[in-house]
Every structure is written in C-alpha cells, then in structure tokens.
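pasting the sequence and the predicted coordinates here, then a few questions.
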Amino acid sequence: MVVLSLPNHDNLGQFKTCKPTPNIFTGIPIIDISDPNAKHLIIEACKEFGFFKVVNHGVSMEFLSLLEDEAVKFFKLTQQEKEKSGPPNPFYGNKKIGSNVREMACEVLEMIADGLNIGAKDVLSGLLRDEKSDSCFRLNHYPTCPELQALNGRNLIGFGEHTDPHIISVVRSNNTSGLQICLKDGTWVSVPPDHSSFFFNVGDAFQVMTNGRFRSVKHRVLADNLKSRISMIYFGGPTLSTKITALKSVMEEGEKSLYKEFTWCEYKKSAYKTRLGDNRLALFEKFAGQ
Ligand SMILES: O=C(O)CCC(=O)C(=O)O
Ligand SMILES: [Fe+2]
C-alpha cells in the first residue's frame with residue numbers, strides 16, 4: 001500500500017490550479033463483466049478512452065464500505081503512526097494488499113486477450129499473477145479545501161495530470177468527484193463518481209504492448225471544497241525483467257513497432273527521472289522527430 005495525502009493549505013500560492021471544467025462526462029463506457037459481449041466493449045473502450053467503468057464485478061458493497069472505513073481510520077492517524085505501515089520513500093506502504101482487486105484485473109486482461117485473439121488466455125493476466133510481479137496498491141486522500149473560494153474560481157489540483165506507467169490500474173473511490181480524464185481531442189472531462197464500481201485505466205506499458213492501439217489515458221484529480229476524496233488504486237505491472245514490447249499477435253503483417261524495446265525495470269528507472277506530467281513514453285518512441 002502506498003499512501004499520499006495533500007499537505008496543509010497554508011500557502012495556496014504554491015499549489016497548482018486549473019480552469020474549472022464544467023463537463024460531467026456521461027460517455028464513460030460502462031462494462032458489465034457478466035455480459036457475453038464485454039470483451040469487445042472493453043477493447044473498444046481501451047482504444048477510444050483508455051478508460052472504462054466495471055459494474056457487476058461481484059465485490060460486495062459491504063466489503064467496499066469496510067475498506068473505505070479502514071482507509072478513513074488510517075488517514076486519521078498521526079503521521080508517525082501512518083509511517084509504521086512502511087517507509088515514506090517516497091510514499092509509505094507495502095505491496096501485500098490488493099489481491100482481490102488483482103483477480104478482477106486479471107479477469108479483465110483475460111477478456112482482452114480473448115477479444116484480441118492473442119494466444120493463451122493468460123498471456124496478459126500471467127504477468128500480474130507472477131509472484132514477482134511489480135504491482136502495487138496505493139491509497140490516496142484528498143482533504144477538503146474550503147480555501148478554494150480564494151482561488152478566483154479556479155480549481156485546486158489534488159493530483160496533477162499524468163498517465164499511469166503500469167499495464168493497467170484499477171481505481172475505487174468514495175462518492176466524491178474529482179477524477180478527470182483527458183479525451184482524444186484534449187478536452188478534460190469529469191468522471192461521475194460511483195463508489196460501487198471500479199474504474200480501469202490503460203497504462204503506458206499496455207499502450208506499448210498493443211503498439212499504440214490502446215491509449216494510456218491522461219488523468220488528474222481536482223480537490224473538492226466540501227467533501228474529501230479517498231481512492232484506492234491497484235497498479236498491475238509485470239516483473240522487473242519483463243520486456244515491454246508490442247505483442248506479435250496484435251500486429252498486422254509488416255507493421256513496425258512504434259517503440260524501442262525496454263524492460264519494465266528500465267522504464268521505471270526512466271520514469272523516476274521525469275516529472276509527473278511528462279510524456280515518459282516519448283523517450284522510447286522509435287520514430288520521434290522524423
Ligand atoms: O485518486 C484517484 O482517483 C486517482 C489517483 C491516480 O491517478 C494515481 O494514484 O495514479
Ligand atoms: Fe494515476
């Protein structure tokens with residue numbers, strides 16, 4: 001588990017803001033994973049948005065509420081107590097939580113593998129199930145920000161725009177809005193919160209593995225002035241030595257791969273050297289600047 005929380009708002013000038021985005025987006029693909037057509041809908045969603053919402057996932061609301069209560073309790077602890085859950089380097093935490101969410105992610109990856117006809121069903125999910133897989137779980141807390149009124153109508157950014165580097169991320173939040181995604185045309189839209197569902201993001205590694213067919217979605221989180229937001233995210237990644245490269249079976253005959261081959265470890269190292277909002281994949285593009 002990795003934990004982030006916003007610092008004190010003593011000096012709002014040091015925080016990033018953005019223009020308000022009134023667009024509550026109603027076009028987020030909603031996938032019922034028991035639907036026989038789900039695999040095709042997931043693939044379309046990964047291509048168009050790199051983002052979708054999963055319903056009918058079988059995780060009970062009672063369990064989700066329990067997790068949320070635990071997260072709320074955690075954020076009420078003192079800094080010193082929080083740090084007992086792991087070293088703050090750069091975030092505190094451990095990697096043991098999240099196996100239920102991982103199973104859901106694996107199920108979705110199996111549907112994708114099936115829908116894309118990419119050989120064995122577990123070709124993707126096996127990467128996350130590997131006991132050495134470099135996956136992790138993060139808990140985010142965005143406290144309320146009543147000082148927002150002082151921002152001249154601008155919104156305070158709780159988590160700056162970025163793409164997730166992993167293969168896939170699974171987000172569950174409380175019922176507070178804030179998450180925004182960037183559409184293909186560059187418009188930022190707000191994702192309506194839904195505490196009973198899971199939201200999936202395509203990450204950079206998946207964009208490379210599908211040779212750009214899937215979109216690693218740019219997203220960010222705005223702070224709310226009335227209600228705090230708590231989110232839990234599972235980031236599904238492969239083992240450090242896994243080569244991240246376009247899957248042969250998704251490529252058309254004669255298609256060239258858009259990215260240079262790299263290992264997950266190399267990508268992570270390179271990502272640590274960049275800033276949150278940088279296009280980290282640009283360093284690995286084969287045809288950049290041509
Ligand atoms: O808090 C959220 O809903 C999303 C946070 C996020 O994008 C991340 O932790 O990578
Ligand atoms: Fe993210």
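Done, it's in. Numbering: from 1, shown residues only. Ligands and ions are numbered 1, 2, ... in the order given.

and whichever residue of the chain sits closest to ligand 1, how many neighbours?
Going by CB to the nearest ligand atom, ligand 1 is nearest to Ser231 of the chain, at 3.4 Å. For every residue, glycine as well, the C-beta is placed using N, CA and C. Counted with other CB atoms under 10 Å, the neighbours of Ser231 add up to 24.

report the beta-bridge partner residues of it.
Following DSSP bridges, Ser231 is listed with bridge partners Asn140, Ser173.

test my guess that it contacts Leu139.
Yes - when contacts are counted by CB atoms under 8 Å, Ser231 is listed as touching Leu139 (7.5 Å).

report the contact partners of Thr176.
Counting by CB atoms under 8 Å, 6 or more residues apart in numbering, Thr176 makes contact with Tyr142, Pro193, Asp224, Lys227, Ser228, Arg229, Ile230.

please redo it, this time with the cut-off set to 7 Å
Neighbouring residues of Thr176 by CB atoms under 7 Å, 6 or more residues apart in numbering: Pro193, Asp224, Lys227, Ser228, Arg229.

can you pull the contacts of the nearest residue to it once chain neighbours are set aside?
Nearest non-adjacent residue to Thr176, counting by CB to CB, 6 or more residues apart in numbering: Arg229, 3.9 Å away. By CB under 7 Å, 6+ apart, the residues touching Arg229 are Tyr142, Ser173, Asn174, Thr176, Gly178.

residues contacting Tyr234?
Contacts of Tyr234 by CB under 7 Å, 6+ apart are Gly98, Val101, Arg102, Ala105, Ser135, Phe137, Ser169, Val170.

still on that earlier bit, in TSV, list the contacts of Arg229 along with pLDDT.
Converted to TSV, these look like this (pLDDT from 0 to 100):
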residue	pLDDT
Tyr142	89
Ser173	95
Asn174	94
Thr176	93
Gly178	92
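
which ones among the residues you listed also lie next to ligand 1?
Restricting the contacts of Arg229 to those near ligand 1 by CB under 6 Å from any ligand atom leaves Ser173.

among the contacts of Arg229, name the buried ones.
Buried residues within those, counting neighbours by 16 or more other CB atoms under 10 Å: Tyr142, Ser173, Asn174, Thr176, Gly178.

coming back round to it: strands - which of the contacts of Tyr234 land there?
Counted as lying in strands by DSSP state E, out of those, are Phe137, Ser169, Val170.

who wins for most neighbours among those?
Neighbour counts for the ones in strands among the contacts of Tyr234 peak at Ser169, which has 26 neighbours (criterion: other CB under 10 Å).

which element is the closest residue to it other than its chain neighbours on?
Spatial nearest neighbour of Ser169, chain neighbours left out: Asn201 (4.4 Å); criterion: CB to CB, 6+ apart. Element membership for Asn201 (DSSP states H and E) is strand 198-202.

would you reformat the contacts of Thr176 as a markdown table and include secondary structure, distance to Asn279 and pLDDT?
Shown next, in a markdown table, are these (DSSP: H, G, I helix; E, B strand; the rest coil; distance: CB to CB, whole Å; pLDDT from 0 to 100):
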| residue | secondary structure | distance to Asn279 | pLDDT |
| --- | --- | --- | --- |
| Pro193 | coil | 28 | 95 |
| Asp224 | coil | 28 | 80 |
| Lys227 | coil | 32 | 88 |
| Ser228 | coil | 31 | 91 |
| Arg229 | strand | 26 | 93 |
